[in-house]
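Engineer: test case, fold it:
(one chain, ligands or ions: 1)
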Amino acid sequence: MDGNGRWARRQGKPRIEGHKAGAESVRRIVEACSEFGVRYLTLYAFSTENWRRPPREVAELMRLLERFLAERLEDLERHDIRLNAIGELERLPLPVRRGLSRVMEATRDNSSGVLTLALSYGSRAEIASAARRLAEDVAKGVLSPEQIDEEALAARLYTADLPDPDLVIRTAGEMRLSNFLLWQASYAEIWVTDKTWPEFDADLFRQALDDYGRRERRFGKVPNA
Ligand code: FPP
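Structural biologist: Have a look, this model is predicted:
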């Protein structure tokens, strides 16, 4: 969800106003997912690297998250969406963890869609943690080294119960994955727009989905094989 800061600067506003507008975009795009039939949406809301931002910006982002969790439960219920979170959640402030637990618990039986918030998330840390868990299972004798394959590792990622993403959308013209779902996005299509995240709306989302629909996904095979 890139470009909140740039959007704010262009408007002559403080960065936090960009994040507030970004949270409004989140609300719109969650709605659009229901309308377009997108069952899984994963938002990179806060990376492990984002902890290095000025403490005031981090605190404001955490407050926005807290507010989002307090205010959006109704929308999630209305659209039958389950909330999920991935990342080093134990690093989040207590009110955010409480809000997450409350909304995740309240929506646990919803089955039309899954909204996953990546919070304090970094893909390399996730893969390292999965490798650690594999090593622990080998040390305990419940797994042999020969049994370690792609499936065994994927089962130990935060995303074990989610399908791999089909499409990764990046806003504000960034052409990087920035430590987001590196393992899971191996065969994902990437779609980049110059528009910032606060400008990202249902029309642009529809355009991304239409473009995605025209792509030929070969997964390493020859065309039409
Ligand atoms: C990147 O833009 C955005 C973030 C680091 C935070 C994203 C957070 C939100 C959209 C609001 C809270 C989230 C939810 C789920 C309610 P940037 O600040 O790096 O912008 P820049 O690249 O233009 O500086």
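Engineer: drop to CA atoms for contacts and neighbour counts, all remaining ones
Structural biologist: Fine.
Engineer: which residues in this structure form strands?
Structural biologist: In the chain, the strands defined using DSSP state E lie at 40-47, 81-86, 113-121, 167-170, 189-192.
Engineer: would you format those as JSON lines with mean neighbour count and distance to Ile127 included?
Structural biologist: JSON lines is the format used below for those (neighbours: other C-alpha atoms under 10 Å; distance: least, C-alpha to C-alpha, whole Å):
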{"stretch": "strand 40-47", "mean neighbour count": "19", "distance to Ile127": "15"}
{"stretch": "strand 81-86", "mean neighbour count": "22", "distance to Ile127": "13"}
{"stretch": "strand 113-121", "mean neighbour count": "21", "distance to Ile127": "11"}
{"stretch": "strand 167-170", "mean neighbour count": "18", "distance to Ile127": "19"}
{"stretch": "strand 189-192", "mean neighbour count": "16", "distance to Ile127": "21"}
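Engineer: the ligand: which of the ones you listed is closest?
Structural biologist: The ligand lies closest, by C-alpha to the nearest ligand atom, to one member of these: strand 40-47, at 4.4 Å.
Engineer: quick one: the closest one to strand 81-86, angle?
Structural biologist: 40 degrees (axes from the mean of the first three to the mean of the last three C-alpha atoms, to 10 degrees).
Engineer: just the C-alpha atoms of strand 40-47, please, in CSV.
Structural biologist: The C-alpha coordinates for strand 40-47 follow below in CSV (Å, rounded to 0.1, in the frame of the first residue of the first chain):
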residue,chain,number,x,y,z
TYR,A,40,-8.5,-13.6,-0.5
LEU,A,41,-7.0,-10.1,0.1
THR,A,42,-3.7,-9.7,1.8
LEU,A,43,-2.6,-6.2,2.7
TYR,A,44,1.0,-5.3,3.6
ALA,A,45,0.1,-2.9,6.3
PHE,A,46,3.3,-2.8,8.3
SER,A,47,6.7,-4.4,7.6
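Engineer: any idea how far that strand is from the chain center?
Structural biologist: Centroid separation for strand 40-47 versus its chain: 2 Å, with C-alpha atoms, centre = their mean, to the nearest Å.
Engineer: ok, residues contacting that strand?
Structural biologist: 1, 30, 33, 113-122, 180 (C-alpha atoms under 8 Å, 6 or more residues apart in numbering).
Engineer: do stretch 111-126 as well
Structural biologist: With contact meaning C-alpha under 8 Å, 6+ apart, stretch 111-126 is reached by 30, 34, 38-51, 79-89, 91-92, 157-158, 179-183.
Engineer: where are the low-confidence patches of the protein?
Structural biologist: Filtered on pLDDT under 70, the chain yields the residue ranges 224-225.
Engineer: mind listing what's buried along the top helix by length along it?
Structural biologist: As assigned by DSSP state H, the longest helix anywhere in the chain is helix 15-36. Across helix 15-36, burial judged by 16 or more other C-alpha atoms under 10 Å covers 15-26, 29-34.
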